[in-house]
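> Need coordinates for the below:
(one chain, ligands or ions: 1)
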Amino acid sequence: MTYSKKTQGPSEQTEPTRRKRVIVWICIALTAFVVLIVLHSYDPPVRPTFSPTRADLRSLSTGLEAYFTDHQAYPAWSADPDENVYGPLVKNEPAFRGQPTFMSQSGTRRIQIVTSPVAYITEYFSDAFAPHPEAPFSYWVTEKGDGWIAWSPGPDRDYDLSIHNIAKAYDGPTTRSSSLLVELTFDPTNGMESSGDFCRFKQ
Ligand SMILES: [Ca+2]
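Here you go, the predicted model:
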């Protein structure tokens, strides 16, 4: 007696088998749909670049020197949030507390500032790397008043230069950075991974 093996053609699939295939195709379609939605909605974080920061620091440098020409002094700075332009931001961002920057017009002393009444710069530039998007650069003038340094915390958004070390890092006009300044400032050879701050100073 011989037996022939009978294969099951598409038209001969049983109803349960057909239902399983339909369910599998529906699952595949749903998965593909979800993946497409996720890919479409994914918005990679935009990292600030250094070009605008570098350009803003250059413009700031021009404004500071114009101010010096008229006043024989650089604009006042303060590390006290009651006196400086970081003041309104300190409540939500403690990183600005004690960080030196431009003295504000509403400070306790009546002072000439760099934006008013004469606009040596039209506004304090926003530092794209600061812990708050509206924060300007940090800023400090040497005790002798002969030099200034302005800086951004850099890609790690954490200030390496502060009121506690700035006098040791920058000692006035020089063409050569101190070893401490080199250590604490951004190194382009490390790409965006460098933790150092990004600065410009009177040379
Ligand atoms: Ca830093």
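
> From now on I want contacts and neighbour counts done on CA atoms only, so please keep to that.
OK.

> For residue 139, give its distance to the ion.
Distance, residue 139 to the ion, using C-alpha to the ion, to the nearest Å: 15 Å.

> can you give me phi and psi for the closest residue to residue 179 other than its chain neighbours?
Once flanking residues are discounted, residue 179 sits nearest to residue 169: 7.6 Å by C-alpha to C-alpha, 6 or more residues apart in numbering. Phi and psi for residue 169, reported as degrees, to the nearest 10, are phi -80, psi -30.

> tally of neighbours for residue 123?
Using other C-alpha atoms under 10 Å, residue 123 has 12 other residues around it.

> Ok, residue 37 next?
For residue 37, the count of nearby residues is 11 (other C-alpha under 10 Å).

> buried set for the strand or helix carrying it?
Using DSSP states H and E, residue 37 maps to helix 15-41. If you call a residue buried by 16 or more other C-alpha atoms under 10 Å, then helix 15-41 has no buried ones at all.

> who's in contact with the residue positioned nearest the centre of the chain?
By C-alpha atoms, centre = their mean, the chain has its centre lying nearest to residue 129, at 1.6 Å. For residue 129, the contact set (C-alpha atoms under 8 Å, 6 or more residues apart in numbering) comprises 48, 152, 153, 154, 155, 156, 157.

> swap the cut-off to 7 Å and go again
Residues in contact with residue 129 (C-alpha atoms under 7 Å, 6 or more residues apart in numbering) are 48, 152, 153, 154, 155, 157.

> so is the last one in a helix, a strand, or just coil?
Going by DSSP: H, G, I helix; E, B strand; the rest coil, the secondary structure assigned to residue 157 is coil.

> My guess is it contacts residue 131. True?
Yes: counting by C-alpha atoms under 7 Å, residue 157 touches residue 131, with 5.7 Å between them.

> What ranges in this protein fall below the confidence cut-off?
Along the chain, segments meeting pLDDT under 70 span 1-13, 39-48, 105-113, 188, 190-192.
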